Each structure stands twice: as C-alpha cells, then as structure tokens.
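Asks: here is the input, now give the coordinates:
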Amino acid sequence: MAASRLTDGQKQELVDRYRQGETAQALAQAYGCSPNTVSRVLKAALDPAEMAALKKQPRSRSTAAADPRITVVASD
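Replies: Sure thing, here's the model as predicted:
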C-alpha cells in the first residue's frame, strides 16, 4: 500500500508550524510521515538562509503546545 501524499495545504501548515518552533520529529508524527519527508518539504519551501536560521532556533517537542488550533477543554 502506497503512503498518502501531503496536500499543498498540509505542506504549508507544516512549514508554518516549523517556523513557530516545532521539531521535524513532532511534525512527522502529527502528519503521519517520516522526518525525512518533513525535511524534504522544508528544503523545497524555504530559502537556504531562512532554513539555516530556523535550525538555530530552539524547537518545541509538543505538537499541541505549538498548535493554536488545539483547545483543551476541562470537563466536570
């Protein structure tokens, strides 16, 4: 069975989330792909200078903490 491809929208979200500080490993897990796939998407989408600068920034390992679309709701 062939692996599903990331849509253009998913690729853009992945790049945006990486810019916000998520790790390639966390993104791979979130999108159901390999870290190598994440790396290829980032290399294709980002200028080499921006990629180098982003690699130097601290990264968040938590996908939920860096994703503003996730809301935690407490139940009684």
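
Asks: lowest-pLDDT helix or strand in this structure?
Replies: Counting by mean pLDDT, DSSP states H and E, the chain has its least confident helix or strand at helix 63-66, which shows a mean of 49.

Asks: show me the shaky parts of the chain.
Replies: Low-confidence segments of the chain, defined by pLDDT under 70: 1-3, 61-76.

Asks: touching, residue 24 and residue 39? I think so.
Replies: Yes. Between residue 24 and residue 39 a contact is recorded at 6.0 Å, counting by CB atoms under 8 Å. C-beta coordinates here come from the backbone N, C-alpha and C atoms, glycine included.

Asks: okay, these two: which has more neighbours?
Replies: When neighbours are counted by other CB atoms under 10 Å, residue 24 and residue 39 differ, and residue 24 comes out ahead with 19 against 15.

Asks: which residues does that one contact?
Replies: 18, 35, 38-39, 42 (CB atoms under 8 Å, 6 or more residues apart in numbering).

Asks: how about residue 52, phi and psi?
Replies: phi -60, psi -40 (degrees, to the nearest 10).

Asks: again, but for residue 22
Replies: According to degrees, to the nearest 10, residue 22 has phi -80, psi 150.

Asks: just the helices in this structure please.
Replies: Counting by DSSP state H, the chain has helices at residues 8-19, 24-31, 35-45, 48-56, 63-66.
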